[in-house]
Every structure is written in structure tokens, then in C-alpha cells.
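A.B. asks: sequence unknown, structure follows:
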């Protein structure tokens, strides 16, 4: 069996681009889902030749043609996208939530309160029941992901609504050289992962660096 | 100027013991504050000769005789201890909050909700106004801290209510070989640090290890 096909919604943003490119490099068939597929196609033509297999499509077409759907869109855009495309998800599709509801009001970066507990649980509540959900790619810095020449050299945390979702999420993570997947359990762990991101962004700002990320010692 | 004197309340518990012993090894004058100083004295007599300078005292005496007060007592015991000993803190004393309000109900480990946002902010609201507060030693595993033969080899996160408090907190952290202090900013970052602890405990359980801890890559 070959690699599952992957749709990356928001695949021309910094984070989505990094995920799309690195998964394509690892041999996954990748389609970038975009509100403007022509503009996305033009952007993709500028990508390195090594990831020239990536194509673009509308959100609906990308979702309908893929085994895995990565939500690399801003947290605030998730509700509308999911509501509009409920019926497009393949049966048993794996959805990958990478969103972190950071707020940058008044120069302070904070994590927005989410009634469901975390962005991932918010997403879960809006997905078709037949899909599975993993949350990951929340902490590896987008700027680093999007620069294919730089090694990642860190851990990426994975939680999910089932063993199967977590295993599938881990496979995507570990398809990227230098990234170790750390399974942290059920979806209720997602808020902790989102706090890691907040902490890393805070460390970046305070220490005037760009790519603070985490490695678990002792594992 | 010599090292500040340090009181470790709850200094015979696993975490407090590790902090007391390692600070004593680093040359700080350390007193263990205990509800039962005689029992604490007996426990200290069993400690390695290298930390034989540590003495014991009541909470009140320990607080009154120290520049730094480490709250290494369970989060649930903090309110009573602080209420009872308000008047004992030295002027401008540095208080170090190391508590994490973990709950182990129904075999699941979670982080208790704290109205102030975090354990550290809860503590801050109950301290005399003249004191300063740093939150740290929340993530380095207690079992590792308490085993002097084992290297720590990780980062420890520090936040605080002022630059001065953070700097003082960093000094305590970096007095322990193998521990790098990472300044993460204001006290409002404490909840993220507490989530790191939750995540580490979850990783320990899931992966059947004991000392999961963090290292920041890129700093």
C-alpha cells in the first residue's frame, strides 16, 4: 500500500507550505486546498523542483480527493471551512489539526480561551462523526518548516481521538527527517500542546530568536 | 556578598528534598521548613554528608530567617501556610513557587482549574505585597532532583513578577549543574509551564518512563 493522499488546506501559508512541501518530499501525494486555486497554482510553480508534484484545488475538491486533510488555516477560519465542507470528507478520513488560537492583542501574545478546552477539541466537535482526528504540527515553528534547507531537530507532539488517529499522525510527523513524534495520548492533551506553542512564541520574542522548539529528554 | 539564605518549605518531600540538597551542594545556606522539625531533623541526618549543613525549623522560623522561601508543599496546602505566616516574610523576600495543581482523579492526570489563571498567580494573590515571586522548578522531575548522582540535563523555565525576581530565580536554577534557566517572562506565563509538567507526567505514564523533561532547541 502506498502513502495516503494528503490535502493541506491553507497550503500556501507559511505553515501549510512547509507541511505540504515536506510531505511531498517524503513521497506523499499532496494537494494544496485553496480558496483561490489558480493563485495557489502560481505559488506552487515557484516552489523547488523537488516538490513539483504538488497540485492545487478548491477546499472541496482537495478534501474529497484525500485520505488525510491537514487544517493549516487560521483557527478563526476553521468553523466556516468545516461547516461548508462537511459532506466532502472521505469515509474514515484522518483530519490533522495544526491550529493554535494565539492572540496578539496589545503586543502581548496569549492563548485564546476555547470553550471545548482546546482548538483540537473545538475542531473535533465540528467534524463528521466518521472522521478521525489527530492534533500535531502545532509546535514546530512555521518558519523552520517552510525552509527545506534547515534541519528540524526537535520533537513534535501528537494527540488524537483514537490509537489509530495517533498512529497515523505519528507517521506524518516522522516522515519528516529530524522530527521525532511524541505520542501524548488523548485529544484532551491538546491544550497542553497549544501551551507549548505559546511558550515557544514567548521565548522567541523575549530572547530575540525565531525557532524555539522542544525536545523531550529522558524518552 | 554571599549566597542568599534559602528556606525550603516541605523540604523533606521528594521535590523539596532535591531542591534543598542541590542548593546546599551549590553553597546556599538552606533550612528545611517543616510542620514537624524534629522529624525533619531526623530525615536530614540520613542525607549524604555533602549536604549535612542543612538544618530544620518550623515554617515560621524558616521563613523569618531566609532571603528566599521555596514553596515545595502541595498546592492544596499553600493557602493555609501563607495565611498563617504572612508576617514572617522578610522585607523583599523572594518567594519561589514550584507547585503544580495536578489532579489524579479516576486514573487520569489533569491540571486543576485555578481562578487566578495559574498556581503561581494564585500564590501571588496571597503573598505580602513587599515580597517578590518567581515560579520555577515546576518541570524538572522530582525523582531526578532527589537523586544527587544523576545529571539533570534539561531546561527549567522561570517566570516572575519582576525582572529582579526572574533574575533571582534563574540564579537558583543555574546553581544546579546540568540545569539551564529559560526566562519565559511575566507571571502570566506560569500556566504554560504548569502545562509542560502535565504533559511530562502524561508522557511518563504513556511511555512507561520516569523522568521526561524538556530542552529548548534553537536557544
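C.D. replies: Great, that's in hand. Worth saying up front: this structure is predicted, and the values here are computed from it rather than measured.

A.B. asks: tell me the residue furthest from the middle of chain A?
C.D. replies: Of all residues in chain A, the one whose C-alpha sits farthest from the chain's mean C-alpha position, using CA atoms, centre = their mean, is residue A:106 at 26.8 Å.

A.B. asks: please tell me how far that residue sits from residue B:124.
C.D. replies: The gap separating residue A:106 from residue B:124 is 21 Å, by CB to CB, to the nearest Å. From N, CA and C alone the C-beta is placed, and that goes for glycine too.

A.B. asks: give me every residue that touches residue A:15.
C.D. replies: When contacts are counted by CB atoms under 8 Å, 6 or more residues apart in numbering or on different chains, residue A:15 touches A:72, A:98, A:137, A:142, A:145, A:146.

A.B. asks: most neighbours among those residues, please name it.
C.D. replies: Each of these was scored by neighbour count (other CB atoms under 10 Å in any protein chain shown); the top score is that of residue A:137, with 30 neighbours.

A.B. asks: the nearest residue to residue A:154 once chain neighbours are set aside: neighbouring residues, count only.
C.D. replies: Of all residues beyond its chain neighbours, the one nearest residue A:154 is residue A:213 (4.0 Å), with distances taken as CB to CB, 6 or more residues apart in numbering or on different chains. Neighbourhood size, residue A:213 [other CB under 10 Å]: 24.

A.B. asks: ok, residue A:213 - contacts?
C.D. replies: For residue A:213, counting by CB under 8 Å, 6+ apart, the contacting residues are A:139, A:140, A:141, A:144, A:152, A:154, A:155, A:200, B:216, B:217, B:218.

A.B. asks: just residue A:152 next, same as before
C.D. replies: Under the criterion of CB under 8 Å, 6+ apart, the contact list for residue A:152 reads A:140, A:144, A:145, A:176, A:177, A:178, A:179, A:213.

A.B. asks: need the phi and psi values for the spatially most central residue of chain A.
C.D. replies: To find the centre residue of chain A, average its C-alpha atoms and take the closest one (CA atoms, centre = their mean): that gives residue A:98, at 3.4 Å. Backbone torsions of residue A:98, given as degrees, to the nearest 10, read phi -120, psi 10.

A.B. asks: skipping adjacent residues, who's closest to it in space?
C.D. replies: Residue nearest to residue A:98 in three dimensions, not counting chain neighbours: residue A:137, with 4.1 Å by CB to CB, 6+ apart.

A.B. asks: so that neighbour: helix, strand or coil?
C.D. replies: coil (DSSP: H, G, I helix; E, B strand; the rest coil).

A.B. asks: in this structure it contacts residue A:155, no?
C.D. replies: No: under the contact definition of CB atoms under 8 Å, residue A:137 does not touch residue A:155, with a separation of 11.8 Å.

A.B. asks: what's the pLDDT at the residue farthest from the centre of chain A?
C.D. replies: The model reports residue A:106 with a pLDDT of 81.

A.B. asks: in the host helix or strand of residue A:76, which residues are buried?
C.D. replies: Take DSSP states H and E as the rule and residue A:76 turns out to sit in helix A:75-85. Going by neighbour count (16 or more other CB atoms under 10 Å in any protein chain shown), the buried part of helix A:75-85 is A:75, A:78, A:81, A:82, A:85.

A.B. asks: for chain A, what lies in contact range of chain B?
C.D. replies: A:110-111, A:141, A:153-154, A:157, A:182-185, A:188-189, A:191-193, A:195-196, A:198-200, A:202-203, A:206-207, A:209-219 (CB under 8 Å from any CB of the partner chain).

A.B. asks: narrow these to those in strands?
C.D. replies: Judged by DSSP state E, the subset of the residues of chain A next to chain B located in strands is A:110-111, A:154, A:157, A:182-185, A:213-217.

A.B. asks: could you report the neighbour count for residue A:107?
C.D. replies: 6.

A.B. asks: and for residue A:123?
C.D. replies: When neighbours are counted by other CB under 10 Å, residue A:123 registers 25.

A.B. asks: OK, contacts around residue A:83?
C.D. replies: Contacts for residue A:83 were tallied using CB under 8 Å, 6+ apart; they are residue A:126.

A.B. asks: that one and residue A:126: what is the separation?
C.D. replies: On the measure of CB to CB, residue A:83 and residue A:126 end up 7 Å apart.

A.B. asks: same thing with residue A:203?
C.D. replies: Noted for residue A:203: a distance of 31 Å to residue A:126, by CB to CB.

A.B. asks: can you redo the contacts of residue A:213 as TSV with distance to residue A:27 and pLDDT?
C.D. replies: Converted to TSV, those look like this (distance: CB to CB, whole Å; pLDDT from 0 to 100):
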residue	distance to residue A:27	pLDDT
A:139	24	97
A:140	20	97
A:141	24	96
A:144	21	96
A:152	17	97
A:154	22	98
A:155	22	98
A:200	29	98
B:216	31	98
B:217	26	98
B:218	27	97
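
A.B. asks: what is the nearest of the residues you listed to residue A:58?
C.D. replies: Sorting those by distance to residue A:58 puts residue A:140 at the head of the list, at 27.3 Å, by CB to CB.

A.B. asks: so, low pLDDT: which residues of chain A?
C.D. replies: Confidence mapping of chain A against pLDDT under 70 gives the ranges A:1.

A.B. asks: mind doing that once more with 90?
C.D. replies: Scanning chain A with the threshold set as pLDDT under 90 gives A:1-2, A:52, A:105-108.
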